[in-house]
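A.B. asks: what follows is a protein structure lacking sequence information:
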């Protein structure tokens, strides 16, 4: 959770809460093991919309929504790494 929040803060501090211009939609990092991480940004604001950690055939996915003031609205996480688990943080 700390890594995700740090990434969100970094994007906002670099581009501002009301960023202008185009952002890369998906950024994927693939490791030598074949595992990968994918971060999807809102192309208008630069805020994170989704992250996905892929480990083998399993993954953890987080979908984020944002409040009008730029604070995190919800974070809905689906965890399939050890067993299927879904929860939402508000």
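C.D. replies: In hand now; what should we look at? All of these numbers come straight from a predicted model, not from anything done at the bench.
A.B. asks: wait, is residue 61 part of a strand?
C.D. replies: Yes: according to DSSP: H, G, I helix; E, B strand; the rest coil, residue 61 belongs to a strand.
A.B. asks: tell me the spacing between it and residue 32.
C.D. replies: 22 Å (Cβ to Cβ, to the nearest Å). C-beta here means a position set from N, CA and C on the backbone, and glycine is covered the same way.
A.B. asks: ditto for residue 75
C.D. replies: 29 Å.
A.B. asks: show me which of these two is the more surrounded one.
C.D. replies: residue 75 (18 against 5; other Cβ atoms under 10 Å).
A.B. asks: and that one, that's in a strand?
C.D. replies: Yes: counting by three-state DSSP, residue 75 falls inside a strand.
A.B. asks: relative to residue 52, how far out is it?
C.D. replies: For residue 75 relative to residue 52 (Cβ to Cβ), the value is 13 Å.
A.B. asks: now swap in residue 33 and tell me
C.D. replies: 16 Å.
A.B. asks: and residue 69, by the same measure?
C.D. replies: 27 Å.
A.B. asks: low-confidence ranges in this protein?
C.D. replies: Under the criterion pLDDT under 70, the flagged ranges of the chain are 1-24, 83-86, 89-90.
A.B. asks: which residue ranges of it form helices?
C.D. replies: 2-15 (DSSP state H).
A.B. asks: please enumerate the strands of it.
C.D. replies: Assigned by DSSP state E, the chain shows strands spanning 26-30, 36-41, 48-55, 58-66, 72-79, 85-89.
A.B. asks: paired strands for the second one, with orientation please.
C.D. replies: It stands for strand 36-41. Sheet pairing here is set by DSSP bridges, and for strand 36-41 it gives strand 26-30 (antiparallel), strand 48-55 (antiparallel).
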